Structures are given as structure tokens and as C-alpha cells.
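Asker: quick one: sequence plus predicted model below, questions after.
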Amino acid sequence: MAISRELPIEDLRVTARLHLVRNLPSNFRDLVFDVRLEGKVAEAEIETLARDASRHCFVENTLAKTMTVTTEVKLNGQKLLTLNRNPQEEVPVSS
């Protein structure tokens with residue numbers, strides 16, 4: 001998405017953290033995506049990109065049906081946005 005929008009992103013790193021609880025039927029409590037971007041990009045463009053990517057991500061859409069999925073976005077080292085999805089919700093919610 002960033003490439004098709006020609007956003008000048010110089011570096012992109014994503015870390016996924018899956019939290020386990022041994023006594024739950026699925027053992028999975030929640031998933032956190034930590035997204036770090038570097039570049040001379042407007043915050044509004046990254047916010048729109050993050051929301052669109054969350055809405056269209058096959059993996060996130062599948063996992064969000066069974067557990068809470070949080071996406072934390074940082075731009076140039078500064079926290080920009082947190083999106084939260086719970087199994088009952090259809091679209092990501094900002095916090």
C-alpha cells in the first residue's frame with residue numbers, strides 16, 4: 001500500500017508479539033503488532049495507511065475473530081497511533 005501511494009518511507013519494521021495463557025481453550029490471549037516507520041511522511045498519511053492496512057490484512061482479519069489484536073504505530077521514534085480490534089468488532093478502533 002505504501003508503495004502504491006508513493007510514500008517516502010525509508011525504513012519499516014514490524015514485530016509481532018503473541019501472548020499466551022495456558023488455561024484458555026486456544027492458549028492465545030492477544031496479539032500485538034509493533035510497527036515502526038522512518039521517513040519524511042505526514043502523520044495523517046501514516047494514520048490512513050495504518051487503518052487501511054489493518055482493514056485489509058488477511059492475517060489480522062483472521063486472528064481478530066478469536067483474540068484481541070493491537071497495532072501500535074511509531075513514526076520516526078514517536079508513538080503515533082494505536083489500533084485495537086476485539087473479536088466482537090468489525091473494524092479497528094483507535095485509542
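Answerer: On my side now, so go ahead. Numbering: from 1, shown residues only.

Asker: give the contact list for R29.
Answerer: Applying Cβ atoms under 8 Å, 6 or more residues apart in numbering, we find R29 in contact with H19, L20, V21, M67, T68. To be clear about C-beta, it is placed using only N, CA and C from the backbone, and glycine gets the same treatment.

Asker: again, 7 Å this time
Answerer: With contact set as Cβ atoms under 7 Å, 6 or more residues apart in numbering, R29 has these partners: H19, L20, V21, M67.

Asker: then V32?
Answerer: Contacts of V32 were listed using Cβ under 7 Å, 6+ apart, and they are R17, T70, E72.

Asker: quick revisit: among the contacts of R29, find me the one that's closest to G77.
Answerer: Taking Cβ to Cβ as the measure, G77 lies nearest H19 of the contacts of R29, at 24.5 Å.

Asker: helix or strand right after the host helix or strand of the closest one?
Answerer: H19 is part of strand 9-20, with elements assigned from DSSP states H and E. Following strand 9-20 in sequence order, the next helix or strand is strand 28-39 (DSSP H and E).

Asker: tell me the buried residues in that next one?
Answerer: Within strand 28-39, the residues scored as buried using 16 or more other Cβ atoms under 10 Å are D30, L31, V32, F33, V35, L37.
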